[in-house]
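Peer 1: output the structure for:
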Amino acid sequence: MKNQSFNDLLEPYDWDQVTQQIYDKGERDVIQALSKDRADLEDLKALVSPAATPYLEQMAQKSQTITQQRFGKTIRMYVPLYLSNYCSNGCVYCGFNAKNKIPRKKLTTEEVLAEANQIIKLGFKSILLVTGEDQRRCNTEYLKEIFTLLNPIFDTISIEVQPMDTEDYSILKELGLHAVYVYQETYHQKSYPDYHAFGRKRDFKYRLTTPERIAEAGVHKLGFGALLGLEEWRTEAFFIALHLSYMEKKHWQTQYSISFPRLRPHAGNFPPQFPINDTELLKLICAFRIFNPYVELTLSTRESAFYRDNLLSLGVTSMSAGSKTEPGGYVKENKELKQFEIEDARSVEEVVSAINERGYEVVWKDWDTILA
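Peer 2: Here you go, the predicted model:
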């Protein structure tokens, strides 16, 4: 039992059976879930089910109350710094797919410093380093060099790169690594190979157990989730919640973050197979807040300005702004290098102003740092 991984817990579950259980939930299940002080996994199934749609207003109100009780009226701001768009994987939904005929670029230390200086001017004190998944060009040695360069500039440094071994995360933690974000993309193991034609990312189980290696290395915070649009979002929601519950029990000292990325236009232009509309995404976010009052919930610039402004009081606690999804984009934009197109193209100043106008305060530094 001690050496059990999340993969062992996941193995007995049948995707289609879980989907059916969600669709079988009725009005009574939704009412019961909303009446509880703390929802469980069965309640989450009810809250994301079609039966919950008439109760969306009650869900939103409860989600807002829980969020303000736990986080106050604050929104933590973050920004990605793309270091490279080289990738060795064949993900059909990603602009960085190794087979896509796009220009490739990896930032030099001089270029990273120039990007960092532009980001600092925007007000950010924390940085999220992002790369394509290329073990040769963007390995631990390269990241060590970048950490050494940026540590004097930013209060916290997080990464969203290829999954690594525990030892690699431990090395980066000693250099100041604060958080790691890694997305399973889909928890549907049977269809997973359809989206990942080649590359190390094709290894479902290695990716699935990455959060455990991150936590074992003592990293302060980790984020995970699924790419919405690949498979049935309601079923994905259950398995994300199952994963979160497992991690919180096994690694209770780690802080957690859940993101809700929807597929966006990109080179290759893979269309969503199971689209999730705006109302359904709102339901999903509220359901997760009711299920877990303490987890950070993030909504990025993949979503429109109007949508983000209206959701910031209903459960979301973290947002990006002014994001560039290509290496070198803060100094000079280059659309050919992008991973995907963002939807909220407002400046950082405009996003901050919109947040303040709604009575919320922007937090530039991750408040959890003092607990590390």
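Peer 1: which helix runs longest in this protein?
Peer 2: The residue-count maximum for a helix in the chain (DSSP state H) belongs to helix 233-250.
Peer 1: give the rounded mean pLDDT of that one.
Peer 2: Mean per-residue pLDDT for helix 233-250: 98.
Peer 1: got the buried residues for that helix?
Peer 2: 233-248, 250 (16 or more other C-beta atoms under 10 Å). Bear in mind the C-beta positions are built from the backbone N, C-alpha and C, glycine included.
Peer 1: could you do stretch 189-205 as well?
Peer 2: Using 16+ other C-beta under 10 Å as the test for burial, stretch 189-205 gives 189, 192, 195-196, 199, 201-202, 204.
Peer 1: likewise stretch 16-26?
Peer 2: By neighbour count on 16+ other C-beta under 10 Å, the buried set for stretch 16-26 is 18-19, 21-22, 25.
Peer 1: likewise for stretch 130-141?
Peer 2: For stretch 130-141, by 16+ other C-beta under 10 Å, it's 130-134, 138, 140.
Peer 1: repeat for stretch 331-345
Peer 2: 337-340, 342-344.
Peer 1: what of stretch 118-128?
Peer 2: Applying 16+ other C-beta under 10 Å to stretch 118-128 flags 118-119, 122, 124-128 as buried.
Peer 1: so how far is stretch 231-251 off the chain centroid?
Peer 2: Relative to its chain's centre, stretch 231-251 lies at 13 Å (C-alpha atoms, centre = their mean, to the nearest Å).
Peer 1: equivalent analysis for stretch 191-207, please.
Peer 2: Relative to its chain's centre, stretch 191-207 lies at 18 Å (C-alpha atoms, centre = their mean).
Peer 1: and for it, what's in contact with it?
Peer 2: For stretch 191-207, contacts defined as C-beta atoms under 8 Å, 6 or more residues apart in numbering pick out 7, 87-93, 98, 133, 135, 162-163, 182, 184-186, 189, 230-231.
Peer 1: now, those residues that are in strands?
Peer 2: Judged by DSSP state E, the contacts of stretch 191-207 include no members of strands.
Peer 1: out of these, which end up buried?
Peer 2: Neighbour-count burial within the contacts of stretch 191-207 applies to 87-91, 93, 98, 133, 162-163, 182, 184-186, 189, 230-231; the criterion is 16+ other C-beta under 10 Å.
Peer 1: so who does Lys45 touch?
Peer 2: For Lys45, the contacting residues are 18, 21-22, 25, 29, 234, 238, by C-beta under 8 Å, 6+ apart.
Peer 1: try it again with 10 Å
Peer 2: Contact criterion C-beta atoms under 10 Å, 6 or more residues apart in numbering gives 18-19, 21-25, 29, 33, 39, 52, 234-235, 237-238, 241, 287 as the residues in contact with Lys45.
Peer 1: just Phe154 next, same as before
Peer 2: Residues in contact with Phe154 (C-beta under 10 Å, 6+ apart) are 81, 116, 119-120, 124-127, 129, 147, 176, 178, 365.
Peer 1: out of these, who's nearest Gly359?
Peer 2: The nearest member of the contacts of Phe154 to Gly359, counting by C-beta to C-beta, is Lys365 at 20.6 Å.
Peer 1: pretty sure Ile127 is one of the things that closest one touches, is it not?
Peer 2: No. Using C-beta atoms under 10 Å, Lys365 makes no contact with Ile127, being 11.3 Å away.
Peer 1: what residues are shared contacts of the two?
Peer 2: With C-beta under 10 Å, 6+ apart as the test, Lys365 and Ile127 both reach 154-156.
Peer 1: ok, then the element right after the one helix or strand Ser63 maps to?
Peer 2: Per DSSP states H and E: Ser63 is located in helix 56-71. For helix 56-71, the following helix or strand on the C-terminal side (DSSP H and E) is strand 74-78.
Peer 1: quick one: strands adjacent to that following strand?
Peer 2: strand 318-320 (parallel), strand 361-363 (parallel) (DSSP bridges).
Peer 1: mean neighbour count, these: which tops it?
Peer 2: strand 318-320 (a mean of 22; mean count of other C-beta atoms under 10 Å).
Peer 1: which residues sit in contact with the residue nearest the centre of the chain?
Peer 2: By C-alpha atoms, centre = their mean, the chain has its centre lying nearest to Ser259, at 3.4 Å. Contact analysis of Ser259 by C-beta under 10 Å, 6+ apart lists 160, 181, 183, 223-228, 240, 296-300, 302, 318, 320.
Peer 1: hey, what's it bridged with?
Peer 2: Using DSSP bridges, the beta-bridge partners of Ser259 come out as Thr298.
Peer 1: would you map the strands across the chain?
Peer 2: Assigned by DSSP E, the chain shows strands spanning 74-78, 80-84, 126-131, 156-160, 177-181, 221-224, 255-259, 296-299, 318-320, 361-363.
Peer 1: redo these as TSV? Include mean pLDDT.
Peer 2: TSV is the format used below for these (pLDDT from 0 to 100):
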stretch	mean pLDDT
strand 74-78	94
strand 80-84	95
strand 126-131	96
strand 156-160	96
strand 177-181	97
strand 221-224	96
strand 255-259	96
strand 296-299	95
strand 318-320	93
strand 361-363	94
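Peer 1: same list, the ones you listed, but as CSV with distance to Asn310 please.
Peer 2: Below are these laid out as CSV (distance: least, C-beta to C-beta, whole Å):
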stretch, distance to Asn310
strand 74-78, 13
strand 80-84, 23
strand 126-131, 24
strand 156-160, 26
strand 177-181, 25
strand 221-224, 23
strand 255-259, 18
strand 296-299, 11
strand 318-320, 13
strand 361-363, 17
